[in-house]
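Colleague: Provided below are the primary sequence and the corresponding predicted coordinates.
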2 protein chains.
Amino acid sequence: MEPSRRDRRAATLAEIKSAARRLLVGGGVAAVGLRAVARELGLTPPALYRYFPSHEALIGALIVDLYDELTAALLALQDNDADPDLGARLYLLANGLRDWALAHPAEFSLLFGTPIPDPDADGHEDLPGHQAAMRFAAVFKALVAQVWHQKPFPHPSEDDLGPVLVAQLARKSEYFDGMPPGAIYLALNYWTRLYGLICMEVFGQLHWALEDAGAYFEAQLFEIGEALGLDCPVPE
Amino acid sequence: MEPSRRDRRAATLAEIKSAARRLLVGGGVAAVGLRAVARELGLTPPALYRYFPSHEALIGALIVDLYDELTAALLALQDNDADPDLGARLYLLANGLRDWALAHPAEFSLLFGTPIPDPDADGHEDLPGHQAAMRFAAVFKALVAQVWHQKPFPHPSEDDLGPVLVAQLARKSEYFDGMPPGAIYLALNYWTRLYGLICMEVFGQLHWALEDAGAYFEAQLFEIGEALGLDCPVPE
DNA sequence: GCCGCAGAGTGAACAGCGTTAACTGTTAAC
DNA sequence: GTTAACAGTTAACGCTGTTCACTCTGCGGC
């Protein structure tokens, strides 16, 4: 059976994204040019406009794909190792993110590197990457919420945080499956520190102090896990 | 007295960098083009090659200037408010960095946003921005070291950190004015968390959770200051 | 079974980019 | 007063994303 017209279109579309990614890992975002992609699969630049309305759209599609791939990888990691201990699962997740980032620095840079300051644009919530990013974030959020609901961890009181911060955190209580502001604060801390740490390592900003940040990351992971009331496994 | 030849050269050089910065704040790094700068001061693009050997060099000079400006601003902040309490000074410094970042997001992005993964280049230590960045970092380092030497804060033992991490940290003991690995670890934490936090806020990655990260930053600053044994002033 | 139309792809072109080369004035120095 | 360095220009090259007009191919409707 010959490939139908739609199949052929889907196939070349996949080829385009494949070539784009190959260029990405080879030379960073800057190397993913319209002409370079076209050159890669032996056709002329305007031909790509049959598949993407612009260069930016191509990059956007690439971003979505990468987010989904990362999300799937993390979910698979969770499923494969069905440890009943949620702390161990969170530990696995955090390490999985770091491993992915270190194994795919170019892709990680595209996803998490300087996502444009975006001054005060309101309608920036429906740009392609945003939903995929939310799906990715939801993986961590879900697990942290599970941890909370299994064994609520000690968290700062509302008096400690102050009314302004509490009001903002409380607004996210629904999203965090009913967690109280103090617990959301700790969840936010977890993400903030994990994210910051991985970014700094991948982007080489820790290099001046530590040539191999692995041990430091491990120690930090233990610290931030502790804040969530779980004694993370430190597998020597 | 007429301006000498050297003065004129210095003047246009300053004009170039001024125009470059104007474009930077107006439209981000991408807006700082050779032709755009030339257009800004009414001359042709090749004329700029009398002042900078390449576009990259121009950006590099801009980076150095911005680092120095930021460093000077932080030092001035320290001098103006000569609080003898080192904790208060560190608090002031951290807040000063955040204020500068929020007031100059485009400049901050240029300095701290995704500084190229830079795979395994060895000779990247002498690129223009690096020394300026080190001078900037030294401001924080010096103050933290002062804090330590005034009143050594409790720090994790070498057994807690593990031999691998301790070995790496110990290598920086000289740079950190003789602080022990455990204390350097906490100093590194301070910088890591402060830096990560500000980046996330400026780059809008906290926006999904907090529309105004000020209160959150304040709370975090208190936390990370606590780790250095200082009870940070929580004003009002 | 032929027609027609949508889709895929091409070639030429445009505007903008960083950069280079050859050239023209001005200006300071010996 | 001559000379040489300097600031600046014009023209051009190769690169980028993008558009337009065009061709060719193959599937669907009559």
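Modeller: Yep, that arrived.

Colleague: for chain A, longest helix please?
Modeller: For chain A, the longest helix by residue count, based on DSSP state H, is helix A:55-80.

Colleague: that one and chain B in contact?
Modeller: No: counting by C-beta under 8 Å from any C-beta of the partner chain, chain B is not contacted by helix A:55-80; separation bottoms out at 12.4 Å. Bear in mind the C-beta positions are built from the backbone N, C-alpha and C, glycine included.

Colleague: show me what that helix is packed against.
Modeller: helix A:5-27, helix A:34-40, helix A:86-103, helix A:105-112, helix A:128-150 (3 or more C-beta pairs under 8 Å, 6 or more residues apart in numbering or on different chains; DSSP states H and E).

Colleague: is any part of it close to DNA strand D?
Modeller: Yes: shown here: helix A:55-80 in contact with DNA strand D (C-beta under 7 Å from any atom of the strand) through A:55-56.

Colleague: next one: that helix to chain centre, how far?
Modeller: Helix A:55-80 has its C-alpha centroid displaced from the chain centroid by 8 Å (C-alpha atoms, centre = their mean, to the nearest Å).

Colleague: what does stretch A:11-26 give?
Modeller: Worked out by C-alpha atoms, centre = their mean, stretch A:11-26 lies 20 Å from the chain centre.

Colleague: that one near DNA strand C at all?
Modeller: Yes: judged by C-beta under 7 Å from any atom of the strand, stretch A:11-26 and DNA strand C are in contact via A:Thr12.

Colleague: contacts for that stretch, please.
Modeller: For stretch A:11-26, the surrounding residues in contact (C-beta atoms under 8 Å, 6 or more residues apart in numbering or on different chains) are A:3, A:31-33, A:36-37, A:40-41, A:48, A:51-52, A:58-59, A:61-62, A:65-66, A:104, A:106-107, A:110.

Colleague: ok, now stretch A:54-70?
Modeller: A:16-17, A:20-21, A:24, A:29, A:32-34, A:37, A:48, A:51-52, A:97, A:100, A:107, A:110-111, A:127-129, A:132-133, A:135-136.

Colleague: okay, A:His124: pLDDT?
Modeller: Turning to A:His124, the model gives it a pLDDT of 65.

Colleague: how about A:Val147: what's its closest non-neighbour residue?
Modeller: The shortest distance from A:Val147 to any non-neighbouring residue, by C-beta to C-beta, 6 or more residues apart in numbering or on different chains, is to A:Leu86 (4.7 Å).

Colleague: and for the one you found, the neighbour number?
Modeller: By other C-beta atoms under 10 Å in any protein chain shown, 18 other residues sit near A:Leu86.

Colleague: can you list the residues of chain A near DNA strand C?
Modeller: Counting by C-beta under 7 Å from any atom of the strand, chain A sits next to DNA strand C at A:5, A:9, A:12, A:42-47, A:50.

Colleague: which of the residues you listed fall in strands?
Modeller: Here DSSP state E is the test, and the residues of chain A next to DNA strand C give no hits in strands at all.

Colleague: what about chain A, any weak spots by pLDDT?
Modeller: Where chain A drops to pLDDT under 70, the residues are A:1-3, A:116-126, A:232-236.

Colleague: now the residue nearest in space to the middle of it. Nearest residue, chain neighbours left out?
Modeller: Centroid-nearest residue in chain A: A:Phe136, 5.5 Å away (criterion: C-alpha atoms, centre = their mean). Distance criterion C-beta to C-beta, 6+ apart; nearest residue to A:Phe136, sequence neighbours excluded, is A:Thr71 at 4.6 Å.

Colleague: distance of that neighbour relative to chain B?
Modeller: Distance from A:Thr71 to chain B, counting by C-beta to the nearest C-beta, to the nearest Å: 16 Å.

Colleague: residues near that residue, how many?
Modeller: Counted with other C-beta under 10 Å, A:Thr71 comes out at 17.

Colleague: kindly report the same for A:Gly42.
Modeller: A:Gly42: 8 neighbours (other C-beta under 10 Å).

Colleague: just A:Ile16 next, same as before
Modeller: A:Ile16, neighbours per other C-beta under 10 Å, totals 23.

Colleague: try A:Val32
Modeller: Neighbours of A:Val32 (other C-beta under 10 Å): 23.

Colleague: over to A:Asp231?
Modeller: A:Asp231 has 10 nearby residues by other C-beta under 10 Å.

Colleague: spell out which parts of chain A neighbour DNA strand D.
Modeller: A:2, A:4-5, A:33-36, A:45-46, A:49, A:53-56.

Colleague: can you rerun that using 6 Å?
Modeller: Residues of chain A found near DNA strand D (C-beta under 6 Å from any atom of the strand) are A:5, A:33-36, A:45-46, A:49, A:54-56.

Colleague: which among those residues end up buried?
Modeller: Among those, those classed as buried by 16 or more other C-beta atoms under 10 Å in any protein chain shown are A:33-34, A:36, A:55.

Colleague: shouldn't A:Asp212 be in contact with B:Gln168?
Modeller: Yes: between A:Asp212 and B:Gln168 there is a contact under C-beta atoms under 8 Å: 7.0 Å.

Colleague: comparing those two, which residue is more hemmed in?
Modeller: B:Gln168 (21 against 13).

Colleague: count the residues that sit near the residue nearest to A:Leu197 when sequence neighbours are not counted.
Modeller: Nearest non-adjacent residue to A:Leu197, counting by C-beta to C-beta, 6+ apart: A:Gln220, 5.7 Å away. Number of residues near A:Gln220 (other C-beta under 10 Å) recorded here: 21.

Colleague: any idea which element A:Gln220 lies in?
Modeller: In the assignment (DSSP states H and E), A:Gln220 maps to helix A:214-226.

Colleague: quick check: angle from that helix to helix A:86-103?
Modeller: Using axes from the mean of the first three to the mean of the last three C-alpha atoms, to 10 degrees, the direction of helix A:214-226 lies 150 degrees away from that of helix A:86-103.

Colleague: send the alpha carbons of helix A:214-226 over as PDB?
Modeller: Coordinates of each C-alpha in helix A:214-226 appear next as PDB, following Å, rounded to 0.1, in the frame of the first residue of the first chain:
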ATOM      1  CA  GLY A 214      27.100  16.300  40.800                       C
ATOM      2  CA  ALA A 215      28.000  16.000  44.400                       C
ATOM      3  CA  TYR A 216      26.800  19.600  45.100                       C
ATOM      4  CA  PHE A 217      23.500  18.800  43.300                       C
ATOM      5  CA  GLU A 218      23.100  15.700  45.400                       C
ATOM      6  CA  ALA A 219      23.600  17.600  48.600                       C
ATOM      7  CA  GLN A 220      21.200  20.300  47.600                       C
ATOM      8  CA  LEU A 221      18.600  17.800  46.500                       C
ATOM      9  CA  PHE A 222      18.800  16.300  50.000                       C
ATOM     10  CA  GLU A 223      18.300  19.800  51.600                       C
ATOM     11  CA  ILE A 224      15.300  20.800  49.500                       C
ATOM     12  CA  GLY A 225      13.800  17.400  50.000                       C
ATOM     13  CA  GLU A 226      14.200  17.700  53.700                       C
END
